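K.L.:
Sequence below, structure please.
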Amino acid sequence: MMQCRIPAIFLLGIALLGAAAAEAASVTGRLQSGDTTVSDKYRDSYTFQGTAGQRAIVDVTSTEFDTVVQLRAPSGSQQENDDYGGQARHSRIESNLTETGTYTVYVTSYGTNTTGSYTLQYPASASGTSAPTTRTVTGQLQSSDTAVDRKYRDSYTFQRTAGQSVVVDMTGSFDTYLILEPPSGSNVTNDDYGGSTSHSRIETTLSATGLYTVHATSYGRNTTGNYTLEYPRSPVPASPAGQRRLSGRLESTDTREDNKYRDVYSFQGISGQRIVVDLASPDFDTYLIVQPPTGAALTNDDFDGETRRSRIDTTLNVSGSYTVIATSFGTTTTGSYILEYPGGTGALNATVVNR
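P.N.:
Just a heads-up that it's a prediction; the model follows:
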């Protein structure tokens with residue numbers, strides 16, 4: 001996210017042990033539709049700075065699902081644990097770190113399309129705070145992409161604050177090249193990380209606050225191929241209290257406009273009130289509309305680059321009845337979704353989900 005997700009009943013603990021245990025950061029989170037997926041399994045990612053010789057303990061338990069925890073070293077080598085002590089809802093890694101640098105912790109599940117809440121404790125970075133979560137995407141450089149100097153590129157963005165440390169990592173089926181473009185100043189680049197032509201990685205402390213752009217490209221010209229990219233997820237502020245959380249489904253029997261099925265909800269808003277409406281689906285490209293009592297509608301298609309998540313976070317400028325429309329970007333699309341919005345009236349085919 002991850003940005004780290006927030007509600008919780010799931011424990012993940014990490015501590016670095018030496019003469020004394022290192023101070024741990026603590027966050028709460030949730031695996032849910034809209035998260036990064038790998039092999040149809042939702043995954044949240046966290047990073048911390050580790051030093052060779054330190055002992056790391058990663059521990060995760062859950063009351064809701066069969067947990068899996070993974071610990072990835074700066075070089076890319078990875079450890080994993082599913083069931084610790086024969087318990088399906090307890091995973092644990094104990095390891096003496098062999099490298100100095102940025103480690104990534106992945107919180108995921110054993111089963112596919114599994115959701116649930118958790119609390120994470122893990123080593124604080126040098127600043128004393130947890131590092132931002134990351135997003136993992138798979139992509140492909142192809143001849144229809146934007147090209148600069150005859151090199152195809154895909155671009156991704158994230159918001160960050162000056163002084164934060166970030167990691168951007170790219171592996172591919174070709175000679176990769178990675179570019180991090182800041183809001184101002186010079187680009188940061190990497191070609192071959194650790195001597196590997198198919199691996200590029202940038203670890204840097206940001207010098208400016210604002211929107212950063214990651215360009216995933218190739219070293220050679222006219223190069224195509226598949227790649228995997230990890231980059232920081234923009235932080236998502238916590239939703240206001242009193243939100244309603246519903247599960248619903250777009251179906252062929254729903255109301256339709258422009259050949260797109262839609263479910264309609266409403267709530268009463270007050271001028272000056274901050275509201276959050278969040279729509280996520282494991283099945284389709286979401287599209288979200290909030291219609292105020294007067295004036296133009298607010299819309300969102302892809303939140304933070306996620307095609308299956310839409311989010312509107314705004315302060316209302318008029319009091320009255322607001323309409324929320326959960327729909328799809330594509331036509332005649334069906335599938336399940338989860339909607340979070342201010343308490344109000346739900347569509348007939350929606351079911352309340354306990355938060």
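K.L.:
pLDDT below threshold where in this protein?
P.N.:
Within the chain, the stretches with pLDDT under 70 are 1-28, 34, 124-133, 344-355.
K.L.:
run the last query once more with 80
P.N.:
1-30, 33-36, 47-49, 55, 117-134, 234-239, 241, 304-306, 343-355 (pLDDT under 80).
K.L.:
Go ahead and confirm Thr100 touches Glu203.
P.N.:
No - using CB atoms under 8 Å, Thr100 makes no contact with Glu203, being 11.2 Å away. For every residue, glycine as well, the C-beta is placed using N, CA and C.
K.L.:
So these two - more neighbours on which side?
P.N.:
The neighbour count for Thr100 versus Glu203, taken as other CB atoms under 10 Å, is higher for Glu203 (17 against 14).
K.L.:
hang on, isn't that one packed against Thr104?
P.N.:
No - counting by CB under 8 Å, Glu203 stays clear of Thr104, with 11.6 Å between them.
K.L.:
Would you mark the buried spots in the one helix or strand Leu211 maps to?
P.N.:
For Leu211, the host element (DSSP states H and E) is strand 210-218. The neighbour-count check on strand 210-218 (16 or more other CB atoms under 10 Å) flags Tyr212, Val214, His215, Ala216, Thr217, Ser218 as buried.
K.L.:
residues contacting the second one?
P.N.:
By CB atoms under 8 Å, 6 or more residues apart in numbering, the contact set of Val214 is Ser155, Tyr156, Thr157, Phe158, Val168, Leu178, Ile179, Leu180, Glu181, Leu229, Tyr231.
K.L.:
can you check the first one too?
P.N.:
Taking CB under 8 Å, 6+ apart as the definition of contact, the neighbours of Tyr212 are Thr157, Phe158, Gln159, Arg160, Val166, Leu180, Glu181, Pro182, Pro183, Leu206, Pro232.
K.L.:
now the fourth one
P.N.:
If you count contacts by CB under 8 Å, 6+ apart, Ala216 has them with Gly139, Leu141, Arg153, Asp154, Ser155, Tyr156, Met170, Thr176, Leu178, Tyr227, Leu229.
K.L.:
what's the answer for Ile312, then?
P.N.:
Ile275, Val276, Val277, Asp278, Leu288, Val290, Leu298, Thr299, Asn300.
K.L.:
What subset of those residues is buried?
P.N.:
Applying 16+ other CB under 10 Å to those, the neighbour count classes Ile275, Val276, Val277, Asp278, Leu288, Val290, Leu298, Asn300 as buried.
K.L.:
The fourth one contacts Pro240, doesn't it?
P.N.:
No - with contact taken as CB under 8 Å, Asp278 and Pro240 are classed as non-touching, separated by 11.5 Å.
K.L.:
related to what we said a few turns ago, shared neighbours of Glu203 and Thr104, anything?
P.N.:
Val167.
K.L.:
Show me where the stretch 1-150 of the chain has its strands.
P.N.:
For the stretch 1-150 of the chain, the strands defined by DSSP state E, counting those that start in this stretch occupy 10-17, 24-31, 36-38, 41-50, 55-62, 67-72, 78-81, 90-96, 101-109, 116-123, 134-141, 146-148.
K.L.:
distance of Arg150 from Thr223?
P.N.:
9 Å (CB to CB, to the nearest Å).
K.L.:
and these two? which has more neighbours close in?
P.N.:
Thr223 (18 against 10).
K.L.:
Tyr152 is in contact with the more buried one, correct?
P.N.:
Yes - assessed by CB under 8 Å, Thr223 is found in contact with Tyr152 at 6.8 Å.
K.L.:
what's the burial count for Thr205?
P.N.:
10.
K.L.:
That one touches Gln164, doesn't it?
P.N.:
Yes - the criterion here is CB under 8 Å, and Thr205 meets it with Gln164 at 7.1 Å.
K.L.:
circling back to that earlier point, between Thr223 and Tyr152, which contacts overlap?
P.N.:
Residues touching both Thr223 and Tyr152 by CB under 8 Å, 6+ apart: Leu141.
K.L.:
and Thr47, what are its bridge partners?
P.N.:
Bridge pairing for Thr47 (DSSP bridges) gives the partners Thr104.
K.L.:
now, which of the buried ones among the contacts of Ile312 sits nearest Gly343?
P.N.:
Set against Gly343, the nearest of the buried ones among the contacts of Ile312 by CB to CB is Ile275 (10.7 Å).
K.L.:
which residues does the closest one bridge with?
P.N.:
On the basis of DSSP bridges, Ile275 is bridged to Thr314.
K.L.:
ok, Leu71 - how many residues close by?
P.N.:
The number of residues packed near Leu71 is 23, by other CB under 10 Å.
K.L.:
For it, name its beta-bridge partners.
P.N.:
On the basis of DSSP bridges, Leu71 is bridged to Gln79, Val105.
K.L.:
Quick check: it vs Thr100, distance?
P.N.:
Look at Leu71 and Thr100: by CB to CB, they are 15 Å apart.
K.L.:
now Gly210
P.N.:
For Gly210, the distance to Thr100 - CB to CB - is 29 Å.
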